[in-house]
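Peer 1: No sequence on hand, only this structure:
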């Protein structure tokens, strides 16, 4: 533990066992409802609960530490998304990256990065409680049409290739839109806007008979 | 649909993602305590309102959230170029066609500010 780590006053924000972790969408699932996916559903939606860590600093300084800790290289080009088996890293701005990690892993990664970086000028913020990931899967054409109704960004595959991620406007709110692979789109939404985005997507996806799959294993308390 | 090129994202993006933040290249006085009230007031409150080429500060508010400069024509509203903070504009009042060869190298922010002062006077 170097002096820099002590100065940074880090703490593990992930609750201990026995304290239920409530999803930002818990209220929505309860009150807005989750239409069950059927055979005619062309779009599926599900929430993925992950930890989110914002990394700020110089690309060259961060790259080495990130390779050592996460086994991923830092996306160097704008709007790039690099993915590993357990974590992903996204370019947000020239000195800012978003790491999406398995739930409960943010503190370990943050501490490891701080030890690896020593006194370098960097900043890490754990924003796990502030945002969540909504994943959309299904029929290509239906997904694209749903997104075309919602975001101002061009989501045609010719313009939005796999491995790209952008921060853009979805129905007047900001959202991070990512395309991790051919079959999936991910929306990183702010906690306070999660219900709004959820309702918007249900409404926009109605014509594709959108279905909501609930992850029963993670964070389920009721 | 109106698109603006963000020099940091290196892409044309929807206008809705951007926000203008006023005149660019305003040099802060080096010795604020030594300024007269008039000089300080000029620095704080008085902005150019030119007819023609104008350098502006914009922010990619929903996006990379970086500030950058825009050279805009105030009559046609045409955006002639966007460039990063610290870079030199290609289109200026003295070089409205953006001729590259004649662009002086030594000009910095204070020179532009001085030039603007002279024009205003």
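Peer 2: Looks like it came in fine. Everything numeric in this text was worked out from a predicted model, so none of it was measured.
Peer 1: Out of the helices and strands in chain A, which is least certain?
Peer 2: helix A:3-8 (a mean of 60; mean pLDDT, DSSP states H and E).
Peer 1: quick one: contacts for residue A:168?
Peer 2: A:151, A:152, A:153, A:174, A:175, A:177, B:13, B:14, B:17, B:62, B:63 (CB atoms under 8 Å, 6 or more residues apart in numbering or on different chains). Placement of C-beta: from N, CA and C, glycine included.
Peer 1: Which pair of those residues spans the longest distance?
Peer 2: The largest separation in the contacts of residue A:168, counting by CB to CB, is between A:175 and B:13 at 14.1 Å.
Peer 1: mind checking how far whichever residue of chain A sits closest to chain B is from residue B:33?
Peer 2: Residue nearest to chain B within chain A (CB to the nearest CB): residue A:93, separated by 3.7 Å. Counting by CB to CB, to the nearest Å, the gap from residue A:93 to residue B:33 is 35 Å.
Peer 1: These two: which is more packed in?
Peer 2: residue A:93 (16 against 6; other CB atoms under 10 Å in any protein chain shown).
Peer 1: If we ignore the residues flanking it in sequence, what's nearest that one?
Peer 2: Distances taken as CB to CB, 6 or more residues apart in numbering or on different chains place residue B:64 nearest to residue A:93, at 3.7 Å, with adjacent residues excluded.
Peer 1: my guess is the one you found meets residue A:167, correct?
Peer 2: Yes: if you go by CB atoms under 8 Å, residue B:64 and residue A:167 touch, sitting 7.1 Å apart.
Peer 1: what's the neighbour count on residue 16?
Peer 2: Reading this off chain A. Residue A:16 has 6 nearby residues by other CB under 10 Å.
Peer 1: oops, chain B please
Peer 2: Neighbour number of residue B:16 under other CB under 10 Å is 15.
Peer 1: Please apply the same query to residue B:83.
Peer 2: 18.
Peer 1: For whatever residue of chain B ends up closest to chain A, give me its contacts.
Peer 2: Proximity of chain B to chain A (CB to the nearest CB) peaks at residue B:64, 3.7 Å away. If you count contacts by CB under 8 Å, 6+ apart, residue B:64 has them with A:78, A:92, A:93, A:94, A:96, A:167, B:6, B:8, B:9.
Peer 1: Three-state assignment for it, please.
Peer 2: For residue B:64, the secondary-structure state derived from DSSP: H, G, I helix; E, B strand; the rest coil is coil.
Peer 1: pretty sure residue B:56 contacts residue B:70?
Peer 2: Yes: at 4.8 Å, residue B:56 counts as touching residue B:70 under the criterion of CB under 8 Å.
Peer 1: Find residues that contact each of those two.
Peer 2: Common neighbours of residue B:56 and residue B:70, using CB under 8 Å, 6+ apart, are B:20, B:24.
Peer 1: who has more neighbours, the two?
Peer 2: Neighbours of residue B:56 and residue B:70, each counted by other CB under 10 Å, are more numerous for residue B:70; the result is 21 against 18.
Peer 1: give me the element the more buried one is part of.
Peer 2: Taking DSSP states H and E as the definition, residue B:70 sits inside strand B:67-73.
Peer 1: Now the phi/psi pair for the residue nearest to residue A:93, please.
Peer 2: phi -80, psi -10 (degrees, to the nearest 10).
Peer 1: Quick check, pLDDT for it.
Peer 2: If you check residue B:64, the pLDDT there is 90.
Peer 1: just residue B:109 next, same as before
Peer 2: Reading off the model, residue B:109 has pLDDT 57.
Peer 1: Would you agree residue A:60 falls within a strand?
Peer 2: No: counting by three-state DSSP, residue A:60 falls outside a strand, being helix.
Peer 1: returning to that earlier point: is it correct that the residue of chain A closest to chain B is in contact with residue B:65?
Peer 2: Yes: in this structure, residue A:93 is within contact of residue B:65 by CB under 8 Å, at 5.9 Å.
Peer 1: for chain A, what are the low-confidence residue spans?
Peer 2: Within chain A, the stretches with pLDDT under 70 are A:1-8, A:215-222.
Peer 1: Up against chain B, what does it have?
Peer 2: For chain A, the residues in contact with chain B (CB under 8 Å from any CB of the partner chain) are A:78-79, A:92-94, A:96, A:152-153, A:166-169, A:174.
Peer 1: Would you mind giving these as JSON lines with secondary structure added?
Peer 2: Below are the residues of chain A next to chain B laid out as JSON lines (three-state DSSP):
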{"residue": "A:78", "secondary structure": "coil"}
{"residue": "A:79", "secondary structure": "coil"}
{"residue": "A:92", "secondary structure": "strand"}
{"residue": "A:93", "secondary structure": "strand"}
{"residue": "A:94", "secondary structure": "coil"}
{"residue": "A:96", "secondary structure": "strand"}
{"residue": "A:152", "secondary structure": "coil"}
{"residue": "A:153", "secondary structure": "coil"}
{"residue": "A:166", "secondary structure": "strand"}
{"residue": "A:167", "secondary structure": "strand"}
{"residue": "A:168", "secondary structure": "strand"}
{"residue": "A:169", "secondary structure": "strand"}
{"residue": "A:174", "secondary structure": "strand"}
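Peer 1: Make a PyMOL selection of the buried ones in these.
Peer 2: Listed next is the PyMOL selection for buried residues among those, using 16 or more other CB atoms under 10 Å in any protein chain shown:
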select buried, chain A and resi 78+79+92+93+96+152+153+166+167+168+169+174
